[in-house]
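K.L.:
pasting the sequence and the predicted model now:
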Amino acid sequence: MSVHLQIEATRGAARAGKLITPHGEVETPVFMPVGTLASVKGVSQDLLEELGVEILLSNTYHLFLRPGVETVRRMGGLHRFMSWDRAILTDSGGFQVFSLTDLRKVTEEGVAFRSHLDGSSHFLSPEKAMEAQIGLGADIIMAFDECTEYPAELARARASTELTLRWAERCKNYFEEHKSEVPWARAESAEVRTAGRTNASAPTRAGEMRPPGTRQALFGIVQGGMDTELRRESAERTIDIGFPGYAIGGLSVGEPRELTRDIVLSTLEHLPSDQPRYLMGVGTPEEIAEYARSGVDMMDCVLPTRAARHGLLFTSEGKVSIKQARYAQDENALDPACDCRVCQRYSRAYLRHLYSSNELLAQVLNTVHNLHFYLATMRTVRAWIRAGHAPAASALQM
Ligand SMILES: [Zn+2]
């Protein structure tokens, strides 16, 4: 068993259902919080569970540098290492390496780059990225692609798209040969490992072995720059290579939001209707709601967590910058319409005080609220798809 999408309701182009993974079912359309270094900054795993997070995204590039893939693999894979028994998706590292503009060199073979941490030299190729992601052991792993920069001439976008297609084939070939090496699916060592940590007083730990034959899934990524024809071609040729799910990559790279929207909507038309569609690195609450209504099943973005750490909070009444003096004596809940544990308990005045005083708790509470808001936004869209009536304005009006 690998990963597949069970579509249970449709409305227009939108679909609601379940993504079946080796580590549980995920209600779709889904927003995936980003846990860059095997941690959603400031929020513990039990809180993420309480928030209803069913799938997390983690970054291969960062884990590759720290603590290193081999460490995570020896600790039984990412699920066991971070004690998270629900689904995980890792990106390939391509996007982060792409962001190191002055520190990388791209060749046919792969990308040589210098670590943003200490300047040390490293190399990622399609095969290396697969090896790393198999070692980390996420449920869904991503092909190693080249994220075309913006703006790019058409010839440059085409060359980049062709490189991504050649790399996609190499990723698939390596994955097919090595997919049995994922840490939680090694049938022959399962008994030994379980026996080795049997302890009556120890609670069941996350990341236990999965039944033999349970596998990760490798998703392909559509590139093509900002050209709809090239996007169509990239989609068709990636589908020809054959993956159990497809992502739309290469967006949120500095292009205007309207252009992002045009590219997403036109690319969606070329993706298989019965397989998961994942839009990478997007967006605001309004955007994730719109894309889910347009037929996207999965999205991720650092915005809710990063903004939270900067005191920027998403509410049913619009964005709130909690650092502002106007909230210093405001007794109201951050968002009166929100039923998260932060809004149920604390006032804007207290949240503003925590933020101004640089208290660690500010980061925790702000992140919990923002994640809750994003997850609630998706719950509203799922209910809209399933019930066939207009979405509640509260979660979608920004
Ligand atoms: Zn709240």
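P.N.:
In hand now; what should we look at?

K.L.:
surely Arg293 and Ala14 touch.
P.N.:
Yes. Between Arg293 and Ala14 there is a contact under C-beta atoms under 8 Å: 4.9 Å. C-beta here means a position set from N, CA and C on the backbone, and glycine is covered the same way.

K.L.:
the ion contacts on the chain?
P.N.:
Contact residues, the chain versus the ion (C-beta under 5 Å from the ion): 338, 340, 342-343, 369.

K.L.:
out of those, who's the most crowded?
P.N.:
His369 (28 neighbours; other C-beta atoms under 10 Å).

K.L.:
residues in contact with that residue?
P.N.:
Shown in contact with His369 (C-beta atoms under 8 Å, 6 or more residues apart in numbering): 308, 313, 334-335, 338, 340, 342-343.

K.L.:
next one, pLDDT for Asn199 please.
P.N.:
Per-residue confidence (pLDDT) for Asn199: 46.

K.L.:
repeat for Glu8
P.N.:
97.

K.L.:
and it, what does it touch?
P.N.:
16-18, 386.

K.L.:
now, which of the residues you listed sits nearest Thr90?
P.N.:
Within the contacts of Glu8, the smallest distance to Thr90 is 20.8 Å, found for Lys18 (C-beta to C-beta).

K.L.:
for Arg293 and Ala14, list the residues in contact with both.
P.N.:
Common neighbours of Arg293 and Ala14 (C-beta under 8 Å, 6+ apart) are 381, 384-385.

K.L.:
gap between the helix ranked longest in the chain and the chain center?
P.N.:
Under DSSP state H, the helix in the chain containing the largest number of residues is helix 360-387. In terms of C-alpha atoms, centre = their mean, to the nearest Å, the centre of helix 360-387 is found 15 Å from the chain centre.

K.L.:
repeat for stretch 154-169
P.N.:
For stretch 154-169, the distance to the chain centre is 23 Å (C-alpha atoms, centre = their mean).

K.L.:
same check on stretch 162-179?
P.N.:
In terms of C-alpha atoms, centre = their mean, the centre of stretch 162-179 is found 21 Å from the chain centre.

K.L.:
cool, and stretch 19-28?
P.N.:
14 Å.

K.L.:
kindly report the same for stretch 70-88.
P.N.:
Centroid separation between stretch 70-88 and its chain, computed with C-alpha atoms, centre = their mean, is 16 Å.

K.L.:
repeat that for stretch 267-285.
P.N.:
On C-alpha atoms, centre = their mean, the centre of stretch 267-285 falls 12 Å from that of its chain.

K.L.:
regarding that stretch, how distant is the last residue from the first?
P.N.:
21 Å (C-alpha to C-alpha, to the nearest Å).

K.L.:
mean confidence score for it?
P.N.:
97.

K.L.:
the stretch 251-398 of the chain: helices as residue ranges?
P.N.:
If DSSP state H, counting those that start in this stretch is used as the criterion, the helices of the stretch 251-398 of the chain fall at 257-268, 285-293, 303-309, 341-345, 348-356, 360-387, 393-396.

K.L.:
residue of the stretch 51-200 of the chain closest to the ion, please.
P.N.:
Leu51 (10.5 Å; C-beta to the ion).

K.L.:
and Leu48, how far is that from the ion?
P.N.:
Counting by C-beta to the ion, to the nearest Å, the gap from Leu48 to the ion is 15 Å.

K.L.:
thank you kindly, that will do.
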